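**Student:** Got a predicted structure plus its sequence, pasted below:
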Amino acid sequence: MSFTEKDQLLNQKQKIKDIENVIVRAIKKVGARRENELCKYIPMNCGGYMHHFTLRKMKLKQPQELSSLIERYIINMEKPSIVPPKPRAARGSRKRRDQITFTRLQLDRMLNIARLAGDKEIISILSPKKSLATYKRELIQSIRQGKVDHELWNGYTEAVANQQQLNNLLLNSVN
């Protein structure tokens, strides 16, 4: 090992000791239990406080800069204050705003209006999709009651066709 390599190694060890001392002083000053809690006192350019991953990365790669930030915002301040967190998007903010949602009661009313108007396209769109077993059960009930329901029959045939397509896809993927 050359003289410059030894010098660099000693210099790096000294920097680590210095940053550790600064961190210990800052932890005592704010009454924290861990060094991660110091993050809440260090503001970032993009808003909010420093992320704990950033603190760890700076501790290893930029100890001088981290040391100066800790001294500036924690040690040299009379009363260090917690930085408010970065504002985040509200939950559900990714939902489409132009899409209308209906309650079950409203949907049933719209379905009845479509039935009265005889609009089969709207009826098929608003009708809840049922399983093949449900269609069979309802068809058998309507036959026993002596009723003819074309929508129910159309739904049944569509469900049978979908089931056959699914079976064909599964057979083709296995072969």
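**Tutor:** In hand now; what should we look at?

**Student:** tell me which residues of the helix ranked longest in the chain are tucked away?
**Tutor:** Scanning the chain for the helix with the most residues, using DSSP state H, yields helix 3-30. Across helix 3-30, burial judged by 16 or more other C-beta atoms under 10 Å covers 19, 22-23, 26-27, 29-30. Quick note: C-beta positions are derived from backbone N, CA and C, even for glycine.

**Student:** Show me what it is packed up against.
**Tutor:** When contacts are defined as 3 or more C-beta pairs under 8 Å, 6 or more residues apart in numbering; DSSP states H and E, helix 3-30 sits against helix 63-70.

**Student:** Next secondary structure element downstream of the helix it packs on?
**Tutor:** Going down the chain from helix 63-70, the next helix or strand is helix 104-117, by DSSP states H and E.

**Student:** What mean pLDDT does that following helix get?
**Tutor:** Mean per-residue pLDDT for helix 104-117: 88.

**Student:** Then stretch 70-84?
**Tutor:** 91.

**Student:** now it, how far from the centre of its chain.
**Tutor:** 32 Å (C-alpha atoms, centre = their mean, to the nearest Å).

**Student:** got the buried residues for it?
**Tutor:** Result for stretch 70-84 [16+ other C-beta under 10 Å]: buried residues 70, 73-74, 80, 83.

**Student:** report the angle between the axes of the longest helix of the chain and helix 63-70?
**Tutor:** Angle of helix 3-30 versus helix 63-70, following axes from the mean of the first three to the mean of the last three C-alpha atoms, to 10 degrees, is 20 degrees.

**Student:** Could you give the number of residues near residue 120?
**Tutor:** Using other C-beta atoms under 10 Å, residue 120 has 13 other residues around it.

**Student:** Flag the shaky bits of the chain, pLDDT-wise.
**Tutor:** The model of the chain has pLDDT under 70 over residues 1, 3, 92-97, 175.

**Student:** Could you list the domains of it?
**Tutor:** Domain assignment for the chain by automatic domain parsing gives 8-75, 98-128, 129-175.

**Student:** Show me how far the last one is from its chain's centre.
**Tutor:** By that I understand domain 129-175. Counting by C-alpha atoms, centre = their mean, domain 129-175 comes out at 36 Å from the chain centroid.

**Student:** what do you get for the second one?
**Tutor:** Domain 98-128 has its C-alpha centroid displaced from the chain centroid by 31 Å (C-alpha atoms, centre = their mean).

**Student:** Then the first one?
**Tutor:** On the basis of C-alpha atoms, centre = their mean, the separation between the geometric centre of domain 8-75 and that of its chain is 30 Å.

**Student:** for the strand or helix carrying residue 164, packing partners?
**Tutor:** Assessed by DSSP H and E, residue 164 sits inside helix 150-174. Helix 150-174 makes packing contacts with helix 120-126, helix 132-144 when contacts are defined by 3+ C-beta pairs under 8 Å, 6+ apart.

**Student:** Fine, thanks again, bye for now.
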